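S.K.: Pasted the sequence and its predicted model underneath.
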Amino acid sequence: MRIGLTLILLALLTFSLVSKSCYATDSVRYNVSHTFSDPKQRYYIDLLRLALEKSVPEYGAYTLLEKTFEDAPQARTLELLANADLIDVHWSMTSITREHKLGTVYIPLLKGMMGARVFIIHKDFQVTLNAQTHASALLNYRFGSGHDWPDSQIYTYNNLKTETAGAQNLLNMAAQKRFDLFPRALHEPWTEVTDYPSLRIDEQFGLCYPSAMYFFVKKSNHRLRKRLTHGLHAAMHDGSFDALFNAHPITKDAIQKGNFTKRKLLKLRNPTMSIRTRDTLNAKRYTWAPLHNCVRPTL
């Protein structure tokens, strides 16, 4: 009798624990700066929400919470993610260092579009650029880039003359002619130049290099990494990932305005890219079609 009662109690306890686990809510915190408001972040937030929604059948409910750390540039935000209990996820261009330091969701959020670059230029430089007939001429000019961006390492590695600064200063520097070319990912420059009458987006040239934008989590947060991986794969399988990518105002407008397939492209190698990211980008389902010929191995 006692054995039977004990078994019943154990069964009830197990059921209670399983029930609590099934109905547990994952709290997912992310950071958006209001000081340096960036409308492009809406795409990543919408994709994050989609991944969490698609993972509900497997992982249960969730809450998505916006945190604000003013004056937290990219490198600082990733540092907070790695070493503090303040946020749970961030999106960023990848590098070998970042993948080693953080938990990585190996699904390119922009399908490699971070490596499709067009140029913000000063209007006075347009005549000079128009006179060039080959993309190799770009090697003669000065590039601007963020001091904590993996792109800066890529440009330097490929012998591009590069001046770096804080991201918030680069548009002003371009307006002051501190450099000639400010490479921006295809989805980035269209709203950035609106407050700078002296700046233009060049329509002829571009850069092309293998690159991926990933969701990153704390290294020890295996559950969230697996949940986001599961959710993004589910979204890719049912077509909702591509539907968002093709219809979202940030990416849709970029594809239409960028005219990337008609540009003269300087192809670069990416020494910051891991073997796993290279292999991921080589899988065509993960990469935007115009970039299939831009994925090149690291040296």
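M.R.: It's in. Numbering: from 1, shown residues only.
S.K.: Would you map the helices across the stretch 151-299 of the chain?
M.R.: 170-175, 189-192, 222-238, 240-247, 249-258, 275-282 (DSSP state H, counting those that start in this stretch).
S.K.: right, and those helices - which one's nearest G103?
M.R.: helix 222-238 (4.2 Å; CB to CB). Every residue, glycine included, has its C-beta placed from N, CA and C.
S.K.: mind saving the C-alpha coords of that closest one as CSV?
M.R.: Output of helix 222-238 as CSV, limited to C-alpha atoms (Å, rounded to 0.1, in the frame of the first residue of the first chain):
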residue,chain,number,x,y,z
HIS,A,222,21.9,26.9,-25.1
ARG,A,223,18.1,26.9,-24.9
LEU,A,224,17.7,30.2,-26.6
ARG,A,225,20.3,29.4,-29.2
LYS,A,226,18.5,26.2,-30.0
ARG,A,227,15.1,27.8,-29.9
LEU,A,228,16.0,30.6,-32.4
THR,A,229,17.7,28.0,-34.6
HIS,A,230,14.5,25.9,-34.6
GLY,A,231,12.3,28.8,-35.2
LEU,A,232,14.2,30.2,-38.1
HIS,A,233,14.5,26.8,-39.7
ALA,A,234,10.7,26.4,-39.3
ALA,A,235,10.2,29.8,-40.9
MET,A,236,12.5,28.9,-43.8
HIS,A,237,10.6,25.6,-44.3
ASP,A,238,7.1,27.1,-44.4
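S.K.: what is the mean pLDDT for that helix?
M.R.: Mean pLDDT, helix 222-238: 98.
S.K.: Buried residues, that helix. List them.
M.R.: 224-236 (16 or more other CB atoms under 10 Å).
S.K.: Dump these to CSV, plus distance to H134.
M.R.: Converted to CSV, the buried residues of helix 222-238 look like this (distance: CB to CB, whole Å):
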residue, distance to H134
L224, 46
R225, 44
K226, 47
R227, 47
L228, 42
T229, 42
H230, 46
G231, 44
L232, 39
H233, 41
A234, 44
A235, 40
M236, 37
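S.K.: closest to D253 among those residues?
M.R.: A235 (21.2 Å).
S.K.: coming back round to it: now render the helices of the stretch 151-299 of the chain as CSV, adding distance to R29.
M.R.: Converted to CSV, those look like this (distance: least, CB to CB, whole Å):
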stretch, distance to R29
helix 170-175, 28
helix 189-192, 26
helix 222-238, 10
helix 240-247, 22
helix 249-258, 22
helix 275-282, 26
